[in-house]
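Novice: I'll drop the sequence and a predicted model, then ask my questions.
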Amino acid sequence: MTMQPIRGGSLSEAEVTTVPRVAWGAPAERSESPLVQGLRRLRRSTTALVGVAIVAMLLVTALFADVLAPQSPITSDQTHTFARPSWDHPLGTDQLGRDMLSRVIHGTRISLLVGVSSVLLALFVGVPFGMMAGFYGGRVDTVVMRVMDLILAFPIYLLAIILMVMFTPTAGLIGTMKVTGAIAIVRIPIYARLVRGSVLSIKEKEYVEACRALGVRDPWILFRHVLPNCLAPIIVTTTLGIATSIIVEATLSFLGLGTQPPTPSWGWDLKANISFIQANAWLSLFPGLAIFVTVLGFNLFGDGLRDALDPRLK
Amino acid sequence: MRVYVLRRLLGIVPTVLMITLVVFVMMRSVPGDPVVALLGDAYDEQDAIRVRQAYGLDKPVLVQYAIWLGKLAQGDWGVSYMTGRPVLKDVLVRLPVTLELIVLSMGVALAIAVPAAIVGALRQNTWADYTATTIAMIGVSIPEFFIGVLLLLVFSIGLGGLLPSSGWTYLPGTCPTMVCGASLWGNAQHVLLPAIALGVGRAAILTRLLRASMLEVIRTEYVTTARAKGLSERPVVLKHALKNALIPTVTVMGLQVGFLIGGAIVVETLFAMPGLGTFGIDAIIARDYQQVQGFALLTALAFVVMNLLVDLSYTFLDPRIRYA
């Protein structure tokens, strides 16, 4: 058991929100929060920094895909099909003569967009439900957790695949949103369970009791005092969850149920080019490598975060 | 114990009913009409109405589900709208292929994970440990289909077609027709790459977990006692430490079944194997309701039974855990 600095619960912190920020900023008065300590530890971990670097690089690639990609990812050129990697096409071209490098660069957008937004969507739905279930217990708990258990009772790919068939996969932003939705639904119970478990123990703490005694309203207790204390596992689960979601997205695309062409998607490109793997191995290789590097980046980052935020695991 | 198992077995029923009901309702809310696909160019309104009546598709969804359930209770899994073949027969032909794939991939996973985790934990923070954890990290981050593609590139294309890239040779005794050639050797050639492709990712996950729990267990007092008694390293590691470290690992292995089913779909698609995974995905995409129900039923059963087996294995791993 590590000693946790006592946070919240005092009248001043619970009620007085108009105090100028300067008062809080005085470092000598206030001990460093566990989150800040964790981030300090994160900075010392080489593998985590490699993860952060990969993720940052991917973000830049996704944001500036239009500038970075040498050509359009969807314009085909029938005169240059299956070109081997060369100066003009560093990763070659596919069966429609599209530049693979540009497709891989633009694919970053779909992967990151789906990976990050599906996890955030699941978080914004799952966390409040988990908090309610844990905090109020009783019937609320039973109803919420039964629904979550029902989703968890599904093998995740079976549910994701059927959801995608229901939504009918399409191209473009709408298609991407459908994939995001399908993956988010599958991930909601993970957050609900995680948060419920933390809340169950936190709500018994003295500072929550003190808040109650002071007449602080439930939503304020939940968001100001309970939520900050279960943030660490949420952050770790989210980072690692992005990695999983990117794999699920790539897998759905691979099965033909992700964002549809012509929108560039790594999973789809890998699948589409397998028929030509005999003579043009590189075509499947690069999208696959892109998926691998992306997932690796988020996994390293998430692992580092976990070590940093939960020192007991070291 | 017996009461516990019975109670758990009974508990399977509502879960499986819920899963199949949800799949049933979801599939029927998929846009598009399977009758249109079935009749194809010959579609005409009269025929469509007749086909719907013949298959009971004109009734409310819950009534259809009740009918499906009633027939299921009599051992009738329904007949595929598209192929006209009984679903149970199709499923039984494909089940051994997927079972073989999953069992072998778990074998591959354990064969890699157990030694790697033991070495990693016993020689913590040495180059052997770093190698094991780095490879595990890489393994966790590669999706199954990309491992499959890499294996294809090396063994099917690179090494002059050493191993086949697609298709299947049945194990003797599981051949569904009279004409398919079954052979042990041919089967081994076909199953090797898919099993590795599916197993490597699991191996990586298990290595990380098992290494972490081995590290914890190795520092406990009973391991020190075992060493102090003068036991040699082998029984200490294998009997005292490993067995106790396996508990969280087994839990996660159970949870991995959901991913294994997805992995089987992907790997079977990649290697064109006639297993349940390809059966399921084809049925879902073609909206063959009866086949999808059969697939969902079997998947749900496998999933629930695996979780039960995981719970029961605890009593073997830790005799203090008893289910009264």
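Specialist: Structure's in. What do you need?
Novice: from here on, contacts and neighbour counts on C-alpha atoms
Specialist: Fine.
Novice: Could you list the contact residues of the stretch 151-300 of chain B toward chain A?
Specialist: When proximity is defined by CA under 8 Å from any CA of the partner chain, the stretch 151-300 of chain B lies next to chain A at B:153, B:157, B:257-259, B:261-262, B:266, B:269, B:284-285, B:296, B:299-300.
Novice: and the two most separated of these?
Specialist: Across these, the longest distance by CA to CA is 37.0 Å; it joins B:157 and B:300.
Novice: Looking only at neighbour counts, state which of those two leads.
Specialist: Shown here are residue B:157 and residue B:300; by other CA atoms under 10 Å in any protein chain shown, residue B:300 has more neighbours (24 against 19).
Novice: Could I get the full set of helices for the stretch 151-300 of chain A?
Specialist: Assigned helices in the stretch 151-300 of chain A, in chain order: A:156-167, A:172-202, A:206-213, A:218-220, A:231-254, A:266-272, A:282-309 (criterion: DSSP state H, counting those that start in this stretch).
Novice: Mean neighbour count, these: which tops it?
Specialist: helix A:266-272 (a mean of 26; mean count of other CA atoms under 10 Å in any protein chain shown).
Novice: Just the residues of the stretch 151-300 of chain B next to chain A: which are in helices?
Specialist: B:257, B:258, B:259, B:261, B:262, B:266, B:269, B:284, B:285, B:296, B:299, B:300 (DSSP state H).
Novice: how deep is the fifth one tucked in, by neighbour count?
Specialist: Around residue B:262 sit 25 other residues, with neighbours defined as other CA under 10 Å.
Novice: For chain A, what lies in contact range of chain B?
Specialist: Looking at chain B, the residues of chain A close enough under CA under 8 Å from any CA are A:150, A:153-158, A:162-163, A:165-168, A:243, A:247, A:251, A:254-255, A:274, A:277-278, A:281, A:284-285, A:288, A:291-293, A:295-296, A:299-300.
Novice: Any buried residues in the helix or strand where residue B:11 lies, and which?
Specialist: In the assignment (DSSP states H and E), residue B:11 maps to helix B:2-28. The neighbour-count check on helix B:2-28 (16 or more other CA atoms under 10 Å in any protein chain shown) flags B:5, B:12, B:15, B:16, B:19, B:20, B:21, B:22, B:23, B:24, B:27, B:28 as buried.
Novice: Only C-alpha atoms, please: export the helix or strand following it in CSV.
Specialist: Using DSSP H and E, the next helix or strand after helix B:2-28 towards the C-terminus is helix B:34-39. Output of helix B:34-39 as CSV, limited to C-alpha atoms (Å, rounded to 0.1, in the frame of the first residue of the first chain):
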residue,chain,number,x,y,z
PRO,B,34,-32.4,-12.1,-48.4
VAL,B,35,-35.4,-13.2,-50.5
VAL,B,36,-34.4,-10.7,-53.2
ALA,B,37,-30.9,-12.1,-53.2
LEU,B,38,-32.3,-15.6,-53.3
LEU,B,39,-34.6,-15.1,-56.2
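Novice: Is there proximity between helix B:34-39 and chain A?
Specialist: No - judged by CA under 8 Å from any CA, helix B:34-39 stays clear of chain A, getting no closer than 13.2 Å.
Novice: Just the CA trace of the helix or strand just after that helix, in CSV.
Specialist: Note on helix B:34-39: by DSSP H and E, the next helix or strand toward the C-terminus is helix B:45-55. Extracted in CSV, the C-alpha atoms of helix B:45-55 (Å, rounded to 0.1, in the frame of the first residue of the first chain):
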residue,chain,number,x,y,z
GLU,B,45,-43.6,-10.2,-56.1
GLN,B,46,-45.8,-13.4,-56.1
ASP,B,47,-42.8,-15.7,-55.8
ALA,B,48,-41.3,-13.5,-53.1
ILE,B,49,-44.4,-13.8,-51.0
ARG,B,50,-44.5,-17.5,-51.4
VAL,B,51,-40.9,-17.9,-50.5
ARG,B,52,-41.4,-15.7,-47.4
GLN,B,53,-44.3,-17.9,-46.3
ALA,B,54,-42.4,-21.1,-47.0
TYR,B,55,-39.5,-20.0,-44.7
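Novice: for helix B:45-55, packing partners?
Specialist: helix B:34-39 (3 or more CA pairs under 8 Å, 6 or more residues apart in numbering or on different chains; DSSP states H and E).
Novice: List the residues that contact residue B:156.
Specialist: Residues near residue B:156 by CA atoms under 8 Å, 6 or more residues apart in numbering or on different chains: B:162, B:163, B:164, B:165.
Novice: Of those, keep whichever come out buried.
Specialist: The buried subset of these (16+ other CA under 10 Å) comprises B:163, B:164, B:165.
Novice: The buried residues of helix B:2-28 also near chain A: which ones?
Specialist: Among these, chain A is touched by B:15, B:19, B:23, B:27 when using CA under 8 Å from any CA.
Novice: For the first one, which non-adjacent residue is spatially closest?
Specialist: The one in question is residue B:15. Leaving out its chain neighbours, the residue that sits closest to residue B:15 by CA to CA, 6 or more residues apart in numbering or on different chains is residue A:153, at 7.3 Å.
Novice: Columns secondary structure on top of the contacts of residue B:156, output as CSV?
Specialist: Formatted as CSV, the contacts of residue B:156 follow (DSSP: H, G, I helix; E, B strand; the rest coil):
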residue, secondary structure
B:162, coil
B:163, coil
B:164, coil
B:165, coil
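Novice: Just the pLDDT for residue B:65.
Specialist: Looking at residue B:65, its pLDDT reads 92.
Novice: Contacts (any at all) between chain A and the helix or strand where it lies?
Specialist: Using DSSP H and E, the element containing residue B:65 is helix B:61-73. No - judged by CA under 8 Å from any CA, helix B:61-73 and chain A are separated, with a smallest distance of 15.9 Å.
Novice: Quick check: next helix or strand after that helix?
Specialist: Counting by DSSP H and E, the element after helix B:61-73 in chain order, helix or strand, is helix B:87-122.
Novice: What helices and strands are in contact with that next one?
Specialist: Using 3+ CA pairs under 8 Å, 6+ apart, helix B:87-122 sits against helix B:127-141, helix B:184-218, helix B:257-270, helix B:276-286, helix B:289-317.
Novice: Of all those helices, which one is nearest residue A:98?
Specialist: Of these, nearest to residue A:98 by CA to CA is helix B:257-270, at 23.5 Å.
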